[in-house]
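Enquirer: could you work out the structure for the sequence below:
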Amino acid sequence: MDLEAYLEHLSSGKPVKGGSEAHLFMHGVSQEALRITAQINGSYHEPEELRALFSELIGRPVDESFALFLPFHTDCGKNIHVGKHVFINMGCKFQDQGGIYIGDGILIGHNVVLATLNHAKSPNDRGTMIPAPIRIGNNVWIGANATVLPGVTIGDGAIVAAGAVVTRDVPENTIVGGVPASIMRQLSEEELQ
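Expert: Numbering: from 1, shown residues only. Model (predicted):
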């Protein structure tokens with residue numbers, strides 16, 4: 001299996017069985033991600049150097065408007081897709097095997113967790129992982145300590161309140177909060193200006 005076949009397997013939503021070829025390949029990708037994130041988090045880097053390291057981690061260039069405050073953690077890296085004018089604050093953890101798609105103009109607060117893998121419900125098959133992507137629209141703000149679970153889409157202009165656990169899709173231009181997150185309200189016309 002190569003990286004392209006691995007990512008295709010994940011994008012299909014097919015389970016990753018414990019001990020399978022895809023699972024073994026996942027371990028190799030994880031080791032590379034751990035190596036690069038250790039380098040990223042190990043010392044200070046000028047913004048250009050940090051963007052180059054993050055680009056190496058995800059396997060594609062990021063825009064010069066991308067900004068990241070350390071530390072940052074991921075166990076894959078190769079299925080993170082980042083738009084323009086994205087800011088990721090300190091302490092974020094991205095589990096991106098299922099795919100993380102981040103639009104333009106995004107603010108991601110301290111300690112945000114984006115998780116794209118579930119495990120099989122059967123205790124006898126708990127080692128099987130089920131990937132599902134997280135899609136974040138444009139101009140979204142995710143508050144500190146929020147967690148977004150597999151398969152969630154966050155619509156353009158939405159705000160995820162600090163500490164929220166997002167288990168289902170978030171409509172555009174709404175504020176969600178709580179555990180599990182629910183709609184608090186729509187953004188007003190004045191707020192959308």
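
Enquirer: what about the longest helix in the protein?
Expert: Among the segments of the chain that qualify as a helix by DSSP state H, the longest is helix 21-42.

Enquirer: next up, the contacts around Pro180.
Expert: Val165, Val166, Thr167, Arg168 (Cβ atoms under 8 Å, 6 or more residues apart in numbering). For the C-beta atoms, the positions are set from N, CA and C on the backbone; glycine is no exception.

Enquirer: drop anything exposed from those residues.
Expert: Val165, Val166 (16 or more other Cβ atoms under 10 Å).

Enquirer: switch the contacts of Pro180 over to a markdown table; also include distance to Val140 and secondary structure.
Expert: What follows is these, written out as a markdown table (distance: Cβ to Cβ, whole Å; DSSP: H, G, I helix; E, B strand; the rest coil):
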| residue | distance to Val140 | secondary structure |
| --- | --- | --- |
| Val165 | 16 | strand |
| Val166 | 11 | strand |
| Thr167 | 17 | coil |
| Arg168 | 15 | coil |
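
Enquirer: closest to Ile154 among the contacts of Pro180?
Expert: If you rank the contacts of Pro180 by distance to Ile154 using Cβ to Cβ, Val166 comes first, at 7.2 Å.

Enquirer: which residues does that closest one contact?
Expert: Counting by Cβ under 8 Å, 6+ apart, Val166 has contacts Ala146, Thr147, Val148, Leu149, Val152, Ile154, Val160, Val176, Pro180, Ala181.

Enquirer: buried set for the helix or strand in which Phe54 is found?
Expert: For Phe54, the host element (DSSP states H and E) is helix 47-58. For helix 47-58, a neighbour-count test (16+ other Cβ under 10 Å) marks Leu50, Arg51, Leu53, Phe54, Leu57, Ile58 as buried.

Enquirer: right, I'll call it a day here.
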